[in-house]
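> Generate coordinates for the sequence data below:
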Amino acid sequence: MKSLMLLCETVLRDLSTRCGTSSTSLDFKYVKARSEHEGLSFLMITLPRYGKDFQKSLDRGWVDHDMFQGLTWHAGLPRFLGGFLDLVFDRRTGRLLDKPSIDAIFSFRQFTLMWEKMVHECTPRRVRDTVEVYVQCEKDVKYVDRRISEEELSSFFRLSTILWGNPMQHVNNEVQSFRITPRHGPGAVADRLTSNGKFNLNSWTRRLDGVFPYEDELLANPHFYEGNRVDILEPGAELPCRLTHVPKTLKAPRLIAIEPACMMFMQQGLWRSLKGHLERGNYQYPSRPWIGNNTPFPWLIGFSDQQPNRCMAKEGSQFGNLATLDLSEASDRVSNQLVRKMMSRMPFLSAAVQASRSQKVDVPGYGVSRIAKFASMGSALTFPVEAMVFSTVVLLGIEDELNHQLTREEIYSLRGKVRVYGDDIIVPVEYVRAVIDRLEAFGFKVNRAKSFWTGKFRESCGGDYYDGVNVTVTRLRRKIPRSRKDVQELISYVSFRNQCYVAGLWTTVRLLDRQIGKLIPFPAVLPTSPILGRYSYLGYDADRSCPHLHHPLVRGMVERVVPPVDILDGHGALMKFFLANGEMPITDRRHLERSGRSVPRITRKWASSV
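Below is the predicted model:
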């Protein structure tokens, strides 16, 4: 806490200088007193709540007394951080100024929200509460499944076919002709197999075998048919996915459903095929007019590039024409009934997706139960499928507002106005109410605290903007390192320092340079350098020149990842070669001896500073 308080005081001083406000010493005393009494929860939970209240006040256009709970007020604004608030709102009326200070908006958000995403273990009670929310989500999905009408399902099917019929048809053909190439993912599996151990997978399910015969997927060639015994599990004997929690923030952990290895194996293959076809356009099927030509999906959803969402959020903040919406518990509220309906005209694709979907989940404290949702976070298919579902429902909401079915020309006209990336949704402001109503009718939960459409503030995919100006917060992600042994914390702290440098927090940067310099050598380098160094607009350090490549060298700490020992030979080694050959060539010569995730280490060596 002592190091955090020093950082807190320095950041406040930096932000005060930036805005030209009066002294923030009283604000720091208040933070220190509350932190001594409440601990980290004040920095990681209470302060971020003030930051979110500030954002909603920007969206409303005034500060109301239902915001900033627990703070003392003077006239129409809280006293805490009042120097920044006075530059944004009128203290007498609480209303937004005609020309609020952008620097003050950035400063208030920077100080209150920079602690929100620190990775920290939760208390057992908060873990239990998060699991209870997960269980309640499942009940909500089942309730919506019973309540939703055939008319709504028919509308959903019609529009999803127009949008995704072509790519789904391509994947359907690939499944039918056995051209899906499975892959093992990098994460843990419910079977508790090691990274290389997954290639000796010897269990399969009857549901998978009906679509993907194990002889084609688990054996390198027919020569190994006799020597490799595979257990075919009947539906009642299938291993359920295992719900677990990993540290996220002090407020709540992240819940992940760990899939069985055989399920994840085929999910990865379907995901690669589906993603490839969803990101392409201009398919033509003259013999199938219901599929449509030149589908508009390439710009409608995203999987790897968040920049379009950020550009649209910036445009919405400047011109007020676009709204940014955020969904809570997004993946846990996608009903499998909707997915089955969406793929009902693609028999092979539907069968493959359902066969590779876990039907049961083992929830700590609740046991094994059947699930109505499509999949939780942890399945490789969750991200693409939820994006397809959300975008379809969003366009249904636009149809409601227009009071007629969208034509393909009208869908094309929405290019640059509608986009979905995971649970981050952007729509035109005039359709917001109808879109929210449709989303909630299908059982999704709109997070109104992180959705904006009335003021000049927008946020999407990690980009925050006010009136077209970037006010994105630099966040402290991990605890402050105490020694060189705190490798992950040290790597994160160096990144935080460099982000503060880019943001112009010069006093904070000087403090961080002193702290990091006591732990490791900290030379000036370019962002492309492998060395853990400091970015500087004044150039980079160069102690000597490489005799072979003639680039500048400097001695510093370099991150080194050593995978754990994981021996693989025989049929499993041959499978790994065949699955990786061509698409992902293996460059590590010791991949059959070491594989998997490991804790990063740092070592001191000479390396390029550019």
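> low-scoring pLDDT stretches of the chain, where are they?
Across the chain, the ranges flagged by pLDDT under 70 are 226-227, 281-297, 581-587.
> which parts of stretch 300-318 are buried?
300-302, 306, 308-318 (16 or more other C-beta atoms under 10 Å). Bear in mind the C-beta positions are built from the backbone N, C-alpha and C, glycine included.
> An error on my part: the question was meant for stretch 186-195.
So, applying 16+ other C-beta under 10 Å, buried residues of stretch 186-195: 188-191, 193-195.
> Do me a favour and get the end-to-end distance for that stretch?
7 Å (C-alpha to C-alpha, to the nearest Å).
> Take the buried residues of stretch 300-318 and keep only those in strands.
The members of the buried residues of stretch 300-318 all map outside strands under DSSP state E.
> Tell me where the stretch 101-250 of the chain has strands.
203-205, 231-233, 241-246 (DSSP state E, counting those that start in this stretch).
> Any chance of these in a markdown table with mean neighbour count and distance to residue 166 as columns?
A markdown table is the format used below for the strands of the stretch 101-250 of the chain (neighbours: other C-beta atoms under 10 Å; distance: least, C-beta to C-beta, whole Å):
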| stretch | mean neighbour count | distance to residue 166 |
| --- | --- | --- |
| strand 203-205 | 21 | 30 |
| strand 231-233 | 13 | 35 |
| strand 241-246 | 19 | 31 |
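> if we compare those, which one ends up closest to residue 326?
Of all the strands of the stretch 101-250 of the chain, strand 241-246 sits nearest to residue 326, with 21.4 Å by C-beta to C-beta.
> I'd like a version of the strands of the stretch 101-250 of the chain in a markdown table, one that adds distance to residue 105 as further columns.
Formatted as a markdown table, the strands of the stretch 101-250 of the chain follow (distance: least, C-beta to C-beta, whole Å):
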| stretch | distance to residue 105 |
| --- | --- |
| strand 203-205 | 53 |
| strand 231-233 | 56 |
| strand 241-246 | 33 |
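> What distance do you get for the most centrally placed residue in the chain to residue 113?
In the chain, the residue lying closest to the centroid (C-alpha atoms, centre = their mean) is residue 422, at 7.5 Å. Look at residue 422 and residue 113: by C-beta to C-beta, to the nearest Å, they are 20 Å apart.
> burial measure for residue 546, as a count.
Number of residues near residue 546 (other C-beta atoms under 10 Å) recorded here: 12.
> roughly how far apart are the spatially closest residue to it that is not a sequence neighbour and residue 33?
Nearest non-adjacent residue to residue 546, counting by C-beta to C-beta, 6 or more residues apart in numbering: residue 553, 5.4 Å away. Residue 553 sits 49 Å away from residue 33, going by C-beta to C-beta.
> Looking at those two, which one has more neighbours?
residue 553 (20 against 11).
> which residues in the stretch 251-400 of the chain form helices?
Ranges of helices within the stretch 251-400 of the chain are 261-278, 307-319, 336-342, 347-355, 382-402, based on DSSP state H, counting those that start in this stretch.
> in a helix, that's where the residue nearest to residue 546 is, yeah?
No - Residue 553 is assigned strand when assessed by DSSP: H, G, I helix; E, B strand; the rest coil, not a helix.
> you'd agree it is up against residue 607?
Yes - look at residue 553 against residue 607 with C-beta atoms under 8 Å: they come within range, at 6.7 Å.
> can you pull the contacts of residue 265?
For residue 265, the contact set (C-beta atoms under 8 Å, 6 or more residues apart in numbering) comprises 182-184, 198, 201, 217.
> Among these, which are located in helices?
If you go by DSSP state H, the contacts of residue 265 have residue 217 in helices.
> Which one (most neighbours) among the contacts of residue 265?
residue 198 (24 neighbours).
> With adjacent residues omitted, what lies nearest to that residue?
residue 184 (4.4 Å).
> Spatially nearest residue to residue 418 (excluding sequence neighbours)?
In space, residue 418 is closest to residue 427, 5.5 Å off (C-beta to C-beta, 6+ apart).
> do the same with residue 102
Here the residue nearest residue 102, using C-beta to C-beta, 6+ apart, is residue 469, at 5.0 Å.
> Residue 32 now?
For residue 32, ignoring the flanking residues on the chain, the nearest one in space by C-beta to C-beta, 6+ apart is residue 5 at 5.7 Å.
> Touching, that neighbour and residue 34? I think so.
No - using C-beta under 8 Å, residue 5 and residue 34 do not qualify as a contacting pair, with a distance of 11.2 Å.
> and the closest residue to residue 545 other than its chain neighbours, how many neighbours does it have?
With sequence-adjacent residues excluded and distances taken as C-beta to C-beta, 6+ apart, residue 545 is closest to residue 552, at 6.1 Å. Residue 552 is flanked by 17 other residues according to other C-beta under 10 Å.
> so what's residue 552 up against?
540-546, 608-610.
> what does residue 560 give?
Contacts of residue 560 (C-beta under 8 Å, 6+ apart): 600-603.
> do residue 272 as well
Residue 272 neighbours (C-beta under 8 Å, 6+ apart): 181, 183.
> same question, residue 222
Neighbours of residue 222 in contact, by C-beta under 8 Å, 6+ apart: residue 215.
> longest helix anywhere in this protein?
Scanning the chain for the helix with the most residues, using DSSP H, yields helix 150-176.
> quick revisit: just the closest of the contacts of residue 552 to residue 366, please.
Closest to residue 366 out of the contacts of residue 552 is residue 608 (53.0 Å), distances taken as C-beta to C-beta.
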